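Asker: Sequence first, predicted coordinates after that:
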Amino acid sequence: MSEWALHVEGLTKWYGSTLACRDVGFTVAAGEAIGIIGESGSGKSTALRCIAGDVRASSGRVLLQKEGGAIDLLELSDAERRGLRVDTLSIVFQDPSEGLDLRVTAGGNIAERLTAAGWRNFSAIRSRARDLLDRVDVPIDRMDDLVETFSGGMRQRVQLAKAVANEPSLLLLDEPTTGLDASVAAGVLDLIRSLLETTRVTAVVVSHDMSVISMLTSRAIVMHQGHVVEAGLTDQLFEDPQHAYTQQLVSAARG
Amino acid sequence: MEQSNLSSREPVLEVRDLRKDFTIHVIGRHVEALNGVNLTVGAGEHVALIGQSGAGKSTLLRCVWRSYRPTSGHVWLRQRDGAQIDLATADDREVADIRRQQIGYVGQFLRAEPRRSVLEVVARAGIRRGAHEDDATDQAVTALREVAIGEDLWGTSPVVLSGGEQQRINLAAGTLYPPHLLLLDEPVASLDAGNRQRVLERIGHLARDGVAVLSVFHDLEAVRQLATRVVALCDGNVVADGAPNEVLELVAS
């Protein structure tokens, strides 16, 4: 079996006495994409944000394989976590304004991520930004336009370009196509799929939409009321759901 | 007898006491679909499952593919390197790896990837099995020619093509870089006679090249043409397992 890249165990988050997620666990191989499916309020986004470090987990372990051994992301200092977010772990949010500065140009947003990783040569940065925008099908003549002038779909493409700018080993995607028009969402989904296929990035995809999970992942976990109720191969979760909640979710998705 | 001979005769697939129940919680319904099935498929063998609809043929294929989770029993796969694994209980991550590299599943419908061309869809199947992109594209071209998908269609998305064309593309993809074990669920259901024959020939070549094939065909003509052995199912049980002409005769009587 291929070596694991990310191992999450016992991940739990309480907001006071309110449980957001409890005992979430899964293992992802290098280059693999795993899905987390659930309705809003299921705790799936909280779990993802705990992994990213944007929300401080109450307990659990998030082990990431790095050169020189595994590290527990929950035990990092703030400075270490910021460093990690530059070149090792990227997150793509449903709302592009969380991942981008809308008042900065597309090229500028990407340049910011590159300079954080130590890029200094202006023309090298420009050329890398151009390549990245080209890869996500943002017209190069829009490179120096403010992101706030972009459509929702194009903002999402810029967010993806920025997220992969420093070739992270772990990419977290939180409802990456939710809220986009169907045809725009299909294009963004297709782009994510090809990014996942053509790089060795390990990914965790959170979505309430089973078609998104089915297109992007080979395995998934199902969350309900903060708990993992079922884990399986993605097609098995669709064709032979075991848990009552998954059965309900699948029959609702089939309409 | 030499050791190597012994091991090469071990079946590629060995299904033992396989049971599959479905529990549909919301309506409190429990269905027993497979009641302890045994069968084997060796390298170069083509085993065809026959039986009425509801007998459990597709359920059995899906339990092997693991898109259905077996309730109990074993699905032993002897892998390319000789290692045995029980697909019924193996870790999902391991099953995902093995599927990608060693098992082909061709269903009735193409699960088409939107915005990808016909040629890419087929070539990607090879790349997933570890082939180099150029090489996979060459193989995809050959496979598409073999199932008579004209060059004028290679650049279009399979989504816009007919059911018969999609089915042939599906078969070309599922058989590229022949898998170790090939599962076929009605792969010629919507094909006209000429295309059906082309597809059957491709499947026949694979078995002769050593692929273990387990299939469900709607029409018994295809079974007669390809199967080296036939297993008849009835209500989730194996009721006959033997030479094609014998089992088919038994079932007809």
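Answerer: Looks like it arrived, so ask away. Numbers count the residues shown, from 1 in each chain, chains lettered A, B, ... in the order given.
Asker: going forward, measure contacts and count neighbours with C-alpha atoms only.
Answerer: OK.
Asker: So the one residue in chain B that gets nearest to chain A: helix, strand or coil?
Answerer: Nearest to chain A, among the residues of chain B, is B:Ser67, at 4.0 Å (C-alpha to the nearest C-alpha). Following DSSP: H, G, I helix; E, B strand; the rest coil, we place B:Ser67 in the coil state.
Asker: residues contacting the nearest residue to it once chain neighbours are set aside?
Answerer: The shortest distance from B:Ser67 to any non-neighbouring residue, by C-alpha to C-alpha, 6 or more residues apart in numbering or on different chains, is to A:Gln236 (4.0 Å). Contacts for A:Gln236 (C-alpha atoms under 8 Å, 6 or more residues apart in numbering or on different chains) come out as B:Arg66, B:Ser67, B:Tyr68, B:Arg69.
Asker: A:Gln236 looks like it's in a strand, true?
Answerer: No: judged by three-state DSSP, A:Gln236 forms no part of a strand; its state is helix.
Asker: how about A:Trp119, secondary structure?
Answerer: coil.
Asker: what comes up buried for the strand or helix carrying B:Ala136?
Answerer: Element membership for B:Ala136, per DSSP states H and E: helix B:133-146. Judged by neighbour count (16 or more other C-alpha atoms under 10 Å in any protein chain shown), helix B:133-146 contains these buried residues: B:Ala136, B:Thr137, B:Gln139, B:Ala140, B:Val141, B:Ala143, B:Leu144, B:Glu146.
Asker: Format the residues you listed as CSV; extra columns: pLDDT and distance to B:Ile127.
Answerer: Listed next are these as CSV, based on pLDDT from 0 to 100; distance: C-alpha to C-alpha, whole Å:
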residue, pLDDT, distance to B:Ile127
B:Ala136, 95, 6
B:Thr137, 96, 9
B:Gln139, 95, 11
B:Ala140, 96, 10
B:Val141, 96, 14
B:Ala143, 95, 14
B:Leu144, 96, 16
B:Glu146, 93, 19
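Asker: Among those, list the two that are farthest apart in space.
Answerer: B:Ala136 and B:Glu146 (15.1 Å; C-alpha to C-alpha).
Asker: Where does pLDDT dip in the chain?
Answerer: All of this refers to chain A. Applying pLDDT under 70 to chain A flags the ranges A:1-2, A:255.
Asker: oops, chain B please
Answerer: For chain B, counting by pLDDT under 70, the residues that fall below are B:1-9, B:112-114, B:253.
Asker: Tell me where the chain has helices.
Answerer: I'll assume chain A. Secondary structure of chain A (DSSP state H): helices at A:44-52, A:78-87, A:96-99, A:106-116, A:122-135, A:152-163, A:182-198, A:210-216, A:234-239, A:244-254.
Asker: please go with chain B instead
Answerer: Assigned by DSSP H, chain B shows helices spanning B:3-9, B:57-65, B:92-102, B:118-128, B:133-146, B:163-174, B:193-208, B:220-226, B:244-252.
Asker: outside of the fifth one, which residues touch it?
Answerer: So the one you mean is helix B:133-146. B:119-120, B:122-124, B:126-127, B:150-151, B:169, B:172-173, B:176-177, B:198-199, B:202.
Asker: OK, contacts around residue 43?
Answerer: Just going to use chain A. Going by C-alpha under 8 Å, 6+ apart, A:Gly43 touches A:Ala20, A:Cys21, A:Met223, A:His224, A:Gln225, A:Gly226, A:His227.
Asker: Sorry, I should have been clearer: chain B.
Answerer: So B:Ala43 contacts B:Pro11, B:Val12, B:Ala207, B:Gly210, B:Val211, B:Ala212 (C-alpha under 8 Å, 6+ apart).
Asker: How much space separates the most centrally placed residue in chain B from B:Glu94?
Answerer: Nearest to the mean C-alpha position of chain B, by C-alpha atoms, centre = their mean, lies B:Leu183 at 0.9 Å. Computed with C-alpha to C-alpha, to the nearest Å, the distance linking B:Leu183 and B:Glu94 is 18 Å.
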